[in-house]
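Undergrad: okay, predicted coordinates and the sequence, questions at the end:
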Amino acid sequence: MPKSTTVTGIAEIEALSDAVSAIASSSLDEDGLCYYVYECASRLVDTRYFQLGVFEGEDYVIKVRVQNNELMPIARYMVDGGIIGWLRDTGKNLLVHDFETELDDLPARPSYISSNPPRSGIFVPLRSGEQVIGAIVIQSMNPNMYTEVQLRTLSIIAHQAAAGIQNARALARERRRVQQLELVNEVARQTQALLKLDVLLPQLVHAIQKTFGYYAVALCLPNENGDAIVIRAATNQDIVGIRLKRGEGIIGSVYDTGAMLVVDDITQDNRYVPTSALPNTRSEVAVPLFIENQTIGVIDLESDQFAAFTRDDQRYLEMLARQVSVAIEDARLYEAEQVAQRLQQEVELAQNIQISFLPKHLPQQPGWDIGAAWRAARHVGGDFYDIFELRRDLENNYGLAIADVAGKGVPAALFMALARTLLRAVAFTNRSPADTLMRVNELILADSQADIFVTMLYAIWDPHTGKIELGNAGHNPALLMTKDGAVRQIKSPGIALGVVDEAFIGSTSLTLQPNEVLLLYTDGITEAIKADQSDFGLERLQTIMRQSRHLSAQAIADEILNAVNQFVGTEPAFDDQTMLVLKRTS
């Protein structure tokens, strides 16, 4: 177990640096990372009495709790004042030399009651920007055990731990979204050949429960008159056939209003209709099923945990409900027109997947201008662009990416989601662009069974120096336009990801000077075809770049899209068109 340590001297400083680096490069999930932070802290300070907790709403969840070197179970309690509450409200550190002599002078009093309380301690917040997401606490049964140096040490560890926890949460959300989207694709696959509702509905509810582990799943459809809704399929057969009037219970209310209803605690909602068949239900969500703005049913999910359905879950459930709606309608009205509608639903679903993974905002850096464009084709593919902040060599660098998945429809969009998730996960380990792409290639081949590949260009941009390091996995070379209007390709060797096990990816670097522009694009731009089958081509693209070099980055992207539109005329696009424009203004 850990021994008391003070951070003095070169060896201790090196140990602190090693701990911070180890936390920053960790790829563990949130719980694993919290314990790893404890292990790292144990090499530097006395952690015989240690806790690392995070805030979840009004609760404080202690992920790692150690008492006299013994690891205790995870604990949760509501924050109601005390030092932890003060820490959350102020975001300030606190060093207590002796609780007995300093108690009246402390900004807050300890909230615990003990016959043998600690005598000294350090309390530091886990800060992510302006938000306090948790706390690290070490305490001792003896007075005067901690110093300002140890306070600073723990504060440095806490700063990196907060960033690591946020990254772990972001990665977990991305993985969950990919898992959710895979379920939607599985629902679509299952419904292709099932045209009998009595076969389709039970298969759907069991597939949903198996994938996500919900306590109960039910699909409900209106009766012939439309004045009531009936549970037609459920994971618990005892509730099949239950009939609810319009507006009755949670399911009947959703059928009546056509709006999703989330109940975090069924005991606090008088609309809940209890049943002995489901005694452990704690929370519930009911989602309407629509076809052309008409409510055709309700999908109902129940959990044995309170507040089990998050905002992310609600977005996924809306997408799932759309797919289930289409499946039910297809089973009812299977004819040529319905087949065409179903294909259109798939296109819209794939577009929704793509849009949900695009950056919501582009970063703003002094002396720089960034623009982007993404336009889906009639037959959806898997283009995407991404830009995200990295922490590299203690400078805030950014990762820039653009990619094109070979394929169409939902499978290509799902593969795009997988590629983006893996890219972000590997990028945060601070590898070079070339090494990042080679590692992503390994993970794609290990994780995907689909016969699909993706071309990708990934760059690391340092806005402080203007340096850009690029790796290219078989993608269109980036275009560099100098301030005098000369345009050249930035080439480096590399093969598409997902093709061969040991893919070699080359790299190159450049420094963008003031009034220079870097353009990343997909082949939907240069290969746009008009009626006579001639394509837009690289030469036209370079010409438009030169003509618009005095414009903003976003205006350059818009001018290129406008030029493509004018070139193709009324000819429909057959591929996505995507761009990322980086311009240095000073």
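TA: Here it is on my side, so go on. Numbering: from 1, shown residues only.

Undergrad: beta partners of residue 461?
TA: With DSSP bridges as the criterion, residue 461 is bridged to residue 398, residue 468.

Undergrad: surely it meets residue 470?
TA: No - the pair formed by residue 461 and residue 470 falls short of the contact definition of CB atoms under 8 Å, at 9.5 Å. (Each C-beta comes from the backbone N, C-alpha and C, glycine too.)

Undergrad: which one of those two is surrounded by more residues?
TA: residue 470 (26 against 23; other CB atoms under 10 Å).

Undergrad: contact partners for that one?
TA: By CB atoms under 8 Å, 6 or more residues apart in numbering, the residues touching residue 470 are 433, 457, 458, 459, 478, 490, 492, 507, 508, 509, 510.

Undergrad: wait, what's in contact with the fourth one?
TA: Contact analysis of residue 459 by CB under 8 Å, 6+ apart lists 399, 400, 401, 433, 468, 469, 470, 471, 478, 520.

Undergrad: if we go to 6 Å?
TA: Listed by CB atoms under 6 Å, 6 or more residues apart in numbering, the contact partners of residue 459 are 400, 433, 468, 470.

Undergrad: out of these, name the ones that lie in strands.
TA: Members of these lying in strands (criterion: DSSP state E): 400, 468, 470.

Undergrad: which one of the residues you listed is nearest to residue 186?
TA: Among these, residue 400 lies closest to residue 186 (CB to CB), at 32.7 Å.

Undergrad: check the gap between that closest one and residue 372 for me.
TA: Residue 400 sits at a distance of 10 Å from residue 372 (criterion: CB to CB, to the nearest Å).

Undergrad: mind listing what's buried along stretch 523-540?
TA: Of the residues in stretch 523-540, 523, 524, 525, 526, 528, 529, 536, 538, 540 count as buried by neighbour count, 16 or more other CB atoms under 10 Å.

Undergrad: and the residue nearest the centre of the chain, what does it touch?
TA: Centroid check for the chain by CA atoms, centre = their mean gives residue 174 as the closest residue, at 3.2 Å. For residue 174, the contact set (CB under 6 Å, 6+ apart) comprises residue 421.

Undergrad: what helix or strand is it located in?
TA: helix 148-191 (DSSP states H and E).

Undergrad: just residue 273 next, same as before
TA: Counting by DSSP H and E, residue 273 is found in no helix or strand.

Undergrad: tell me how far the closest residue to residue 162 other than its chain neighbours lies from residue 313.
TA: Spatial nearest neighbour of residue 162, excluding adjacent residues (CB to CB, 6 or more residues apart in numbering): residue 126 at 4.0 Å. To residue 313, residue 126 is 25 Å away according to CB to CB.

Undergrad: same question, residue 244
TA: 23 Å.

Undergrad: could you do residue 470 as well?
TA: In terms of CB to CB, residue 470 sits 38 Å off from residue 313.

Undergrad: repeat that for residue 455.
TA: The gap separating residue 455 from residue 313 is 33 Å, by CB to CB.

Undergrad: so which of those two has more stuff around it?
TA: residue 455 (22 against 18).

Undergrad: quick one: the strands in the stretch 451-586 of the chain, in order.
TA: Secondary structure of the stretch 451-586 of the chain (DSSP state E, counting those that start in this stretch): strands located at 454-461, 467-473, 478-481, 487-490, 507-511, 517-521, 577-584.

Undergrad: show the subsequent helix or strand relative to the helix-or-strand element of the chain with minimal mean pLDDT.
TA: The helix or strand of the chain with the lowest confidence, counting by mean pLDDT, DSSP states H and E, is helix 10-24 at a mean of 64. Sequence order places helix 30-42 as the next helix or strand after helix 10-24, per DSSP H and E.

Undergrad: in its sheet, which strands sit next to the following helix or strand past that next one, and in what direction?
TA: As assigned by DSSP H and E, the chain's next helix or strand after helix 30-42 is strand 49-56. Strand pairing for strand 49-56, determined by DSSP bridges: strand 59-67 (antiparallel), strand 131-140 (antiparallel).

Undergrad: now those in a markdown table, with distance to residue 151?
TA: A markdown table is the format used below for the strands paired with strand 49-56 (distance: least, CB to CB, whole Å):
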| stretch | distance to residue 151 |
| --- | --- |
| strand 59-67 | 19 |
| strand 131-140 | 10 |
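
Undergrad: which one of those lies closest to residue 268?
TA: For residue 268, the closest of those is strand 59-67, at 17.2 Å, according to CB to CB.

Undergrad: wait, is residue 259 part of a strand?
TA: No - using DSSP: H, G, I helix; E, B strand; the rest coil, the secondary structure at residue 259 is coil, not a strand.

Undergrad: how much space separates it from residue 221?
TA: 18 Å.

Undergrad: one more: residue 332?
TA: 10 Å.

Undergrad: which one of those two is surrounded by more residues?
TA: Using other CB under 10 Å, the more surrounded residue of residue 332 and residue 221 is residue 221, with 18 against 13.

Undergrad: give me the nearest residue to the more buried one, chain neighbours excluded.
TA: In space, residue 221 is closest to residue 297, 4.4 Å off (CB to CB, 6+ apart).

Undergrad: do residue 23 as well
TA: Residue 23 sits nearest to residue 160 (CB to CB, 6+ apart), 4.7 Å away.

Undergrad: pop out the phi and psi values for residue 75.
TA: phi -130, psi 150 (degrees, to the nearest 10).

Undergrad: in this structure residue 33 contacts residue 168, no?
TA: Yes - using CB atoms under 6 Å, residue 33 is in contact with residue 168, at 5.2 Å.

Undergrad: low-confidence ranges, the stretch 51-200 of the chain, go.
TA: 187-188, 190-195 (pLDDT under 70).

Undergrad: try it again with 80
TA: Counting by pLDDT under 80, the stretch 51-200 of the chain contains low-confidence ranges at 111-115, 173, 176-197.

Undergrad: likewise the stretch 451-586 of the chain?
TA: 451, 572-574.

Undergrad: quick one on the thing from earlier: can you redo the contacts of residue 459 as a markdown table with distance to residue 502?
TA: Formatted as a markdown table, those follow (distance: CB to CB, whole Å):
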| residue | distance to residue 502 |
| --- | --- |
| 400 | 25 |
| 433 | 18 |
| 468 | 26 |
| 470 | 21 |
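
Undergrad: most neighbours among those residues, which one?
TA: Top of the contacts of residue 459 by neighbour number is residue 433, holding 28 neighbours under the definition other CB under 10 Å.

Undergrad: what's the nearest residue to it if we skip its chain neighbours?
TA: Nearest residue to residue 433, sequence neighbours excluded (CB to CB, 6+ apart): residue 471, at 3.2 Å.

Undergrad: residues near that neighbour, how many?
TA: 26.

Undergrad: now residue 129
TA: The burial count assigned to residue 129 is 9, neighbours taken as other CB under 10 Å.

Undergrad: if I look at it, how far off is residue 29?
TA: The gap separating residue 129 from residue 29 is 22 Å, by CB to CB.

Undergrad: now do residue 48
TA: Note on residue 48: its distance to residue 29, by CB to CB, is 26 Å.

Undergrad: neighbour-wise, which of these two wins?
TA: residue 48 (19 against 13).

Undergrad: can you give me the neighbour number for the closest residue in space to the more buried one that isn't next to it in sequence?
TA: Counting by CB to CB, 6+ apart, the nearest residue to residue 48 once its immediate chain neighbours are dropped is residue 69, at 5.1 Å. Neighbour count of residue 69, defined by other CB under 10 Å: 13.

Undergrad: what do you get for residue 102?
TA: Counted with other CB under 10 Å, the neighbours of residue 102 add up to 13.

Undergrad: before I go, just wanted to say thanks for your time.
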